[in-house]
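Undergrad: A predicted structure for the sequence below; I have some questions about it.
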Amino acid sequence: MARYQYETSPRKIRTDYEPVRKKTAKKSSNVKSDTYKKKNTKIKSSKKVKIVFFVLIGFLAFFTISYRNAIIDSKYAEIKKLKGNLAVVEKENEQLQATIESRLNLKTIQEEAETMLGMKTLSNEQIKYVSLPKTDYVESGSEEVQLEEENYFTKIFNLIKNLIK
């Protein structure tokens, strides 16, 4: 009988011991324990809300500081760029100032007039002096213009007269 036969199910082996099962006591519903549980859950939930609130405040502070630093960095980069542009403009200004001063020299002006325009310097024979009498040809205004101030009636009359025309 110890041999296994095909298409049969094997025998189940019985254990020598039975597992010990703990008995769970039924909980009685007390009003006091229910209110205590509710208070305890309210306290726990309020602690969770406080923690979440403080975490949000921390993230908000971190975001504000990061945003402010980003704005400061962008402004600093803009200032640096503008300072570079200012240096370039100042160099150009100095160069232009030097070229203006070199071109305002009388010798360079005279050379350019002779070469480009074909002008020549005057000789003493070409200079003619003119004598003018010392009298003043400008007449001063001796007439004083007096404007008559019109009163309100004449203004209204002239206005109506101009409208009719």
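TA: Thanks, I have the structure now.
Undergrad: find the centremost residue of the chain, please.
TA: Relative to the mean C-alpha position of the chain, the nearest C-alpha, by C-alpha atoms, centre = their mean, is the one of K75, at 8.2 Å.
Undergrad: that one: which element?
TA: Assessed by DSSP states H and E, K75 sits inside helix 31-103.
Undergrad: check D16 too.
TA: When the helices and strands are read off by DSSP H and E, none of them contains D16.
Undergrad: that one and L56, how far apart?
TA: 61 Å (C-beta to C-beta, to the nearest Å). Using the backbone N, CA and C atoms, a C-beta is placed for each residue, glycine as well.
Undergrad: these two: who's more crowded?
TA: Neighbour count, other C-beta atoms under 10 Å: between D16 and L56, L56 has more, with 10 against 5.
Undergrad: enumerate every residue touching that one.
TA: Applying C-beta atoms under 8 Å, 6 or more residues apart in numbering to L56 gives no contacts.
Undergrad: again, but for N162
TA: N162 makes contact with no residue, according to C-beta under 8 Å, 6+ apart.
Undergrad: low pLDDT regions in this protein?
TA: Within the chain, the stretches with pLDDT under 70 are 1-15, 17, 19, 25-36, 136-137, 139-148.
Undergrad: again, only this time at 90
TA: By pLDDT under 90, the low-scoring segments of the chain are 1-49, 100-114, 117-159, 161-165.
Undergrad: residues contacting the residue nearest to the centre of the chain?
TA: The neighbourhood of K75, defined by C-beta under 8 Å, 6+ apart, contains no residues.
Undergrad: gap between Y67 and F54?
TA: Y67 is 20 Å from F54, where distance means C-beta to C-beta.
Undergrad: what do you get for S102?
TA: Relative to F54, S102 is positioned 72 Å away (C-beta to C-beta).
Undergrad: same question for I71.
TA: Summarising the geometry, the distance separating I71 from F54, computed by C-beta to C-beta, is 26 Å.
Undergrad: with E101 instead?
TA: As it turns out, when the distance is counted by C-beta to C-beta, E101 lies 70 Å from F54.
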